[in-house]
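J.: Quick one, structure for this:
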Amino acid sequence: MEHFTDLLALLKQEKAEDQQQFLQAVRERPLSEKVADGYSWYPLIVVQTGFALGEKAFVVVERSTHLNEPHKLRSGQSVRFFTNQEQGKFPDQQGVINYVERNRMKIILNARDVPDWINMGNLGVDMLFDDRSYLEMERALQKVMQAKGDRLAELRNILAPPMRDKKPIQPSFYPSETPLHLPPEMADLNPSQQAAIQMILDARDVAVIHGPPGTGKTTTLVAAIQLLCKQESTVLVTAPSNTAADLLTERLAEKGLSVVRIGNVSRIDDHILPHTLDAILGRHPESKNIKKVKIEAAECRRQANRFKRVFGQEERREREHLRNQARELESWANALEARLVDQILTSAQAITCTLVGATHPTIEKYKFRTCVIDEAAQALEPATWIPITKCSRVIFAGDPFQLPPTVKSMDAGKKGLSKTLIERCLEQMPEAVQLLNVQYRMHRSIMGFSNHHFYENTLQAHHSVGDKRLVALDPAGDIATFFEPVVFVDTAGTGFEEQMQRATGKNSNRSMSRFNPEEALLLREHLLQLLAQFSPGHAPTIGILSPYREQVNYLEHMIQEDETLGPLLLNRKAQAQMENMELPAHNHITVNTIDGFQGQERDVIYLSLVRSNAKNEIGFLSDYRRMNVAMTRARMLLVVVGDSATIGQNKFYSAFLDYCTTHGQYQTAWEYMR
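T.: Down below sits the predicted model:
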């Protein structure tokens, strides 16, 4: 129990640090500074208003100043939509950002109507601190600690760290009496994927699927869930992020499963909306009657609150009658709606949501035989316990050598908050872990460095991708150019030094991101020379990544202004819409941070390392798991641009430079400088 007491204390420490950073950056500063530093948009112009699913109003707004300047507002964030007009009644309204596209933003309001002051002017948007996830994680830990003599207590004892001088309690499995018989549509699964599915089906308590990049983890999970649905009424399928939950929803629906996506519709991708509870409810024949009753109730309330010059005993009785009628109608409508919701959820084969979304009121009373937690290596342990409290067994899937969870408090991270539950499972219960060892994404040379450094050379490239290289064809259709799969372009000795993002505003607390303009120009030159070898419409898909947000902003602006590259650049909204696409359309360029590009892949990946200084400081680059993610996004060509003099003193990057020399192509920046 000591582990959970410590974990709860670390979570509170993390919340305090997160809140303090937010207060310093946003709440305690003048509006002009918040706008300059990208925490607020002001002033705004209203472009459109309307109603989203769930009977919530939305507004689309545009900036009228600070156009195209970088900012920190992202889709899914909680915000305050406000007016500075003095005559505005209740001059703010909370909501969630649905999307952000350069100078335009769509906000789903936490209200049924747009505010009365929307046409008064002086409108703005402020970032809000959202503590709901912390509250739900704290509740889950308290529930785990209090569990006694039930299934949750058993799972806690298996998953918790072992007591001192005691061996961990091992999970158990049902005996496999017959070999796994897969339906014809799953016949192409490789032996490690089939073994993973068998382990999931046989698990009494816990199973862990370790899925390195490109090994078909999602494919394996979806196949396993299909088979679980034949044994169980409903499977709970979760992930830390909305993006990951949306992807699972899409893949399960493609297989013909009845799937219901639970969550705030403003945080769910547009193409997933038809699978949300709100949309399914809206399509039900009974929904029209429910809506009609709600309209009648609203009209009764309006009539009851109507102003009357003469207000006597008769008028008082009439008002009370109308209010009672409104309450009865509302109660009737809510009862009908609750019955329909229960029918929809009990008939669903899979319910998908985020980890925190598992606390949604609509599924509060439900218990599940199996809970699947995808991308478990990106989740704080307290968040992972939220869905576990609702199930009898848990299936973890993920890769601890890819993106870690975000921890704001360095002290809490060092004391154990950054260690995930799936990491501990890999250490405590190796017999409950199945590694997926065949990757289907990248050339074997792109895979090679990560395979050696992170996966002990256990991975193998599938024959369909292992030798597949990027090629350019001549006008006759013959191969004109073979590209080496791995390229390092060295900027050492060029004077391309990193720069610090300038802080703005008095006593600004703006996070100091770095960028390297000369390195960005070099990358652009390499990209132009690459694309020049392809005929129009036949260029590969390209992703440009950096661990530094400021470098991403600089690259994006630079490419946008280029007459050749600009037309190929995907805007932020289009990027968000393509996140779940397995094979995006050809002939486009995506620019993003490594974290923002999670789960995606492209034919060609450029990676701008940015760091170049006399002290050989590498900052973010010391997070090798993040570099593993970046290096394994490429299918056929990986181009890394950096300063060997700065990064070469580090063992990881020194080994990578040696790898490029032996298994790839090592170039200098001078080859591209005019």
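J.: C-alpha from now on. contacts and neighbour counts both.
T.: Will do.
J.: For the top strand by length along the chain, enumerate the helices and strands it packs against.
T.: Using DSSP state E to assign secondary structure, the strand with the most residues in the chain is strand 40-52. For strand 40-52, the helices and strands in contact under the criterion 3 or more Cα pairs under 8 Å, 6 or more residues apart in numbering; DSSP states H and E are helix 31-36, strand 56-63, strand 123-127.
J.: mind redoing it with 6 Å?
T.: Under the contact criterion of 3 or more Cα pairs under 6 Å, 6 or more residues apart in numbering; DSSP states H and E, the helices and strands touching strand 40-52 comprise strand 56-63, strand 123-127.
J.: Just want the angle from that strand to strand 123-127.
T.: What separates the directions of strand 40-52 and strand 123-127 is an angle of 100 degrees, with axes from the mean of the first three to the mean of the last three Cα atoms, to 10 degrees.
J.: Can you list the buried residues in strand 40-52?
T.: Within strand 40-52, the residues that count as buried by 16 or more other Cα atoms under 10 Å are 40-46, 49, 51-52.
J.: would a markdown table of the helices and strands packed on strand 40-52 with mean neighbour count and distance to V35 be doable?
T.: What follows is these, written out as a markdown table (neighbours: other Cα atoms under 10 Å; distance: least, Cα to Cα, whole Å):
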| stretch | mean neighbour count | distance to V35 |
| --- | --- | --- |
| strand 56-63 | 21 | 11 |
| strand 123-127 | 24 | 9 |
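J.: Out of those, which gets nearest to F173?
T.: For F173, the closest of those is strand 56-63, at 46.3 Å, according to Cα to Cα.
J.: What strands flank the closest one, and is each parallel or antiparallel?
T.: Strand 56-63 sits in its sheet next to strand 40-52 (antiparallel), strand 104-109 (antiparallel), going by DSSP bridges.
J.: Not counting residues beside it along the chain, what's closest to L568?
T.: In space, L568 comes closest to H588 once its chain neighbours are excluded; the distance is 4.7 Å by Cα to Cα, 6 or more residues apart in numbering.
J.: That neighbour is in contact with G566, isn't it?
T.: No: if you go by Cα atoms under 6 Å, H588 and G566 don't touch, sitting 9.7 Å apart.
J.: More neighbours: the two, which one.
T.: For H588 against G566, the residue with the higher neighbour count under other Cα atoms under 10 Å is H588, and the figures read 19 against 16.
J.: Q560 versus that one, what's the distance?
T.: When distance is defined by Cα to Cα, to the nearest Å, H588 is 12 Å away from Q560.
J.: what do you get for P115?
T.: Per Cα to Cα, P115 is found 36 Å from Q560.
J.: Repeat that for F454.
T.: Taken as Cα to Cα, the spacing of F454 relative to Q560 amounts to 36 Å.
J.: among the helices and strands of the protein, which has the poorest mean pLDDT?
T.: With mean pLDDT, DSSP states H and E as the measure, the helix or strand of the chain carrying the lowest mean pLDDT is helix 572-578 (a mean of 50).
J.: now Q667, what's its secondary structure?
T.: Going by DSSP: H, G, I helix; E, B strand; the rest coil, the secondary structure assigned to Q667 is strand.
J.: Confirm for me that it is in contact with A492.
T.: No: with contact defined as Cα under 6 Å, Q667 does not count as touching A492 (10.8 Å).
J.: Any regions of the stretch 51-200 of the chain where pLDDT drops low?
T.: Filtered on pLDDT under 70, the stretch 51-200 of the chain yields the residue ranges 53-55, 87-90, 177-178.
J.: For A333, which of the helices and strands packed on strand 40-52 is the nearest?
T.: Taking Cα to Cα as the measure, these were each checked against A333, and strand 56-63 came out nearest at 17.6 Å.
J.: Could you point out the helix or strand that follows that closest one?
T.: Elements were assigned by DSSP states H and E; along the chain past strand 56-63, the next helix or strand is strand 78-83.
J.: Strand partners (parallel or antiparallel) of that next one?
T.: With DSSP bridges as the criterion, the sheet partners recorded for strand 78-83 are strand 92-101 (antiparallel), strand 123-127 (antiparallel).
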